[in-house]
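Student: kindly generate the corresponding structure for this input.
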Amino acid sequence: MSGRPIAEDGGRPRAPEDPFDPDFLAALDAEVFEPVLAHYFRPKLIGSENIPQEGPVILAPNHSGNAFPWDGMIFDILLWRRDGRRPEAKFRSVFEKELALTWWMRPFGIDNFWRRGGGVDLTFENFHRLLAQGERLIYYPEGVPGIGKGFFRRYQLQRFSTSFVIQAARNRAPVLPVYIINAEWGIPLSFTIAALDRLLEKYFKVPFLPLPAALIAIVFPFAWYATLPTRMVYVVGEPLDVAAMVREEGVEDLEPPNKARDGAAFRRVADRIQQDMQERLKRHVQEHGMRPFDLGSFLKEVVRAWSNGVFWRTLPTGWPISFVRFVRDRQRPPARSRLHAWLRDLDLAAFYLPFGWPLLSLTRALRKAPYGSRGIDEATRREKEGAYLWKLDERPLRSRGRSG
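Tutor: I've put the predicted structure just below:
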């Protein structure tokens, strides 16, 4: 599905909509994320008083070099908790298209996960439209290379895109650097091979393969989503006036932006921001990154999780069952018995079976909607799964006005 609007009466374009499901996200946070964050990751948010209550604004974090973006998911949840889980205050994460197009890049294959959580596909025009609507955005200027850089290049910022420079200046949106500490240790000793990554991107829509950790994930699917219990620290910096920085480089006219004429100026600004963030990131690592696991704290929380009866949901081995059952239980009646509860989700055993990926794919095809795709056509399946590129000029987003 290309992202074209679904025609309504008389071929008119579809009305503005919003796939964000605040009730879904609030329940997911309370029932699934809560034990994981409280007892496993134990995250800390510092400097949140720097965040404006209204948009447009861009939060620009560094990424950790891991297979799955737990650092971004946790940051998103922390911000929403800080704002009282109010739907109108939810930040919009802009994400790379691969996260929606490929089912194994959605957490445990959950349909349309990123958009139901408030995310929007990252395109240049989408970026502009969101800021023009006054949205507060989370944008990772390193892009996919930031996730795929591997452990041996930890805390080394990859080249920033100039897109956020152009859009921040064009929409007079301040940029707040965010420094994510300790997430790099989620998959230590990992590295990537550029040629292999290009093949995976071409044939499997996977932007990179962290080695040797991915070899375990190829055998046991649950390991694709697993990560070690790093105590993530998020430090929000002070806002940058990117519009002023662009003017200092001699660029005055941004309607529309002219990359051919002003590309070098945009690049210089992006490089300045990256260099400044790199220096500050080093200092924050020295302050907050000396004990990435904080094992004393972790062991205490493991004991507490056991006492609270959430031990199995706290560890990565329990996440596939915890996440998928939560989604399914919102769409079906309660199980008739404990045995029935296990039997109706027996397909989840494939997450733990050797080379269980084909079985997971097969069960998705054989189960009826809403848990699978049997009996529905290809276009409906893609719509249900969210496996399309969402372009806001074709599928407009309903404006929320003031985001704070």
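
Student: average pLDDT across the helix of greatest length in the chain?
Tutor: Taking DSSP state H as the criterion, the chain has its longest helix at helix 259-288. Helix 259-288 shows a mean pLDDT of 96.

Student: do stretch 352-365 as well
Tutor: 95.

Student: cool, stretch 383-391 as well?
Tutor: Rounded mean pLDDT across stretch 383-391 is 94.

Student: and it, which residues are buried?
Tutor: Of all the residues in stretch 383-391, those buried under the rule 16 or more other C-beta atoms under 10 Å are 383, 385-391. In short, each C-beta sits where N, CA and C put it, glycine included.

Student: again with stretch 295-306
Tutor: Quick answer for stretch 295-306 (16+ other C-beta under 10 Å): 298, 301-302, 305.

Student: in CSV, list the C-alpha atoms belonging to stretch 154-163.
Tutor: Output in CSV follows, covering the C-alpha atoms of stretch 154-163 (Å, rounded to 0.1, in the frame of the first residue of the first chain):
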residue,chain,number,x,y,z
ARG,A,154,29.1,3.7,21.6
TYR,A,155,28.5,7.3,22.4
GLN,A,156,30.0,8.3,19.0
LEU,A,157,27.3,10.4,17.3
GLN,A,158,26.8,9.5,13.7
ARG,A,159,26.4,12.3,11.1
PHE,A,160,23.3,14.4,11.7
SER,A,161,20.8,14.9,9.0
THR,A,162,20.2,18.5,7.9
SER,A,163,16.4,17.9,7.7
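
Student: pretty sure residue 238 contacts residue 52?
Tutor: No: between residue 238 and residue 52 there is no contact under C-beta atoms under 8 Å: 11.4 Å.

Student: which one's more surrounded, these two?
Tutor: residue 52 (14 against 9; other C-beta atoms under 10 Å).

Student: in which helix or strand does that one reside?
Tutor: Using DSSP states H and E, residue 52 falls within no helix or strand.

Student: thinking again about what came up before, what's the longest helix of the chain packed up against?
Tutor: With contacts defined as 3 or more C-beta pairs under 8 Å, 6 or more residues apart in numbering; DSSP states H and E, helix 259-288 has these neighbours: helix 163-170, strand 175-181, strand 233-236, helix 242-248.

Student: the ones you listed into a markdown table, with extra columns for mean pLDDT and distance to residue 327?
Tutor: Shown next, in a markdown table, are these (pLDDT from 0 to 100; distance: least, C-beta to C-beta, whole Å):
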| stretch | mean pLDDT | distance to residue 327 |
| --- | --- | --- |
| helix 163-170 | 96 | 32 |
| strand 175-181 | 98 | 27 |
| strand 233-236 | 98 | 27 |
| helix 242-248 | 97 | 39 |
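
Student: hmm, back to that, show me how far the longest helix of the chain is from its chain's centre.
Tutor: 22 Å (C-alpha atoms, centre = their mean, to the nearest Å).

Student: quick one: mean pLDDT over whatever helix or strand comes next after it.
Tutor: Using DSSP H and E, the helix or strand that follows helix 259-288 in sequence is helix 295-307. Computed over helix 295-307, the mean pLDDT rounds to 97.

Student: check contacts around the residue nearest to residue 22 when sequence neighbours are not counted.
Tutor: The shortest distance from residue 22 to any non-neighbouring residue, by C-beta to C-beta, 6 or more residues apart in numbering, is to residue 87 (3.9 Å). Residue 87 is in contact with 20, 22, 400, counting by C-beta atoms under 8 Å, 6 or more residues apart in numbering.

Student: distance-wise, check the second one relative to residue 313.
Tutor: Pointing back at residue 22 there. 22 Å (C-beta to C-beta, to the nearest Å).

Student: who has more neighbours, these two?
Tutor: residue 313 (23 against 17).

Student: pretty sure the more buried one sits against residue 34.
Tutor: No: when contacts are counted by C-beta under 8 Å, residue 313 is not listed as touching residue 34 (9.1 Å).

Student: where does the stretch 1-150 of the chain dip in pLDDT?
Tutor: Low-confidence segments of the stretch 1-150 of the chain, defined by pLDDT under 70: 1-13, 65, 67.

Student: to residue 282, which of the helices and strands packed on helix 259-288 lies closest?
Tutor: With C-beta to C-beta as the measure, strand 175-181 is the member of the helices and strands packed on helix 259-288 nearest residue 282 (9.7 Å).

Student: okay, now residue 149: neighbour count?
Tutor: 25.

Student: check residue 191 too.
Tutor: Residue 191: 16 neighbours (other C-beta under 10 Å).

Student: tell me the phi and psi of it?
Tutor: Residue 191 adopts backbone torsions of phi -150, psi 170, taken as degrees, to the nearest 10.

Student: hey, what's it bridged with?
Tutor: residue 211 (DSSP bridges).

Student: just how off-centre is the helix or strand that contains residue 359 within its chain?
Tutor: For residue 359, the host element (DSSP H and E) is helix 357-366. Centroid displacement of helix 357-366 relative to its chain, using C-alpha atoms, centre = their mean, is 24 Å.

Student: contacts for it?
Tutor: 103-104, 109, 218, 221, 347, 350-351, 353, 372-374.

Student: alpha carbons of it, in PDB - could you do that?
Tutor: Extracted in PDB, the C-alpha atoms of helix 357-366 (Å, rounded to 0.1, in the frame of the first residue of the first chain):
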ATOM      1  CA  TRP A 357      10.400 -17.200  12.900                       C
ATOM      2  CA  PRO A 358       8.800 -19.200  10.100                       C
ATOM      3  CA  LEU A 359       6.200 -20.600  12.500                       C
ATOM      4  CA  LEU A 360       5.400 -17.100  13.800                       C
ATOM      5  CA  SER A 361       4.900 -16.000  10.200                       C
ATOM      6  CA  LEU A 362       2.700 -19.000   9.400                       C
ATOM      7  CA  THR A 363       0.500 -18.600  12.500                       C
ATOM      8  CA  ARG A 364       0.000 -14.900  11.600                       C
ATOM      9  CA  ALA A 365      -1.200 -16.000   8.200                       C
ATOM     10  CA  LEU A 366      -3.500 -18.800   9.500                       C
END
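
Student: show me which parts of it are buried, residue by residue.
Tutor: By 16+ other C-beta under 10 Å, the buried positions in helix 357-366 come out as 357, 360, 363-364.

Student: give me the next element, helix or strand, following it.
Tutor: Past helix 357-366, the next helix or strand by DSSP H and E is helix 378-385.
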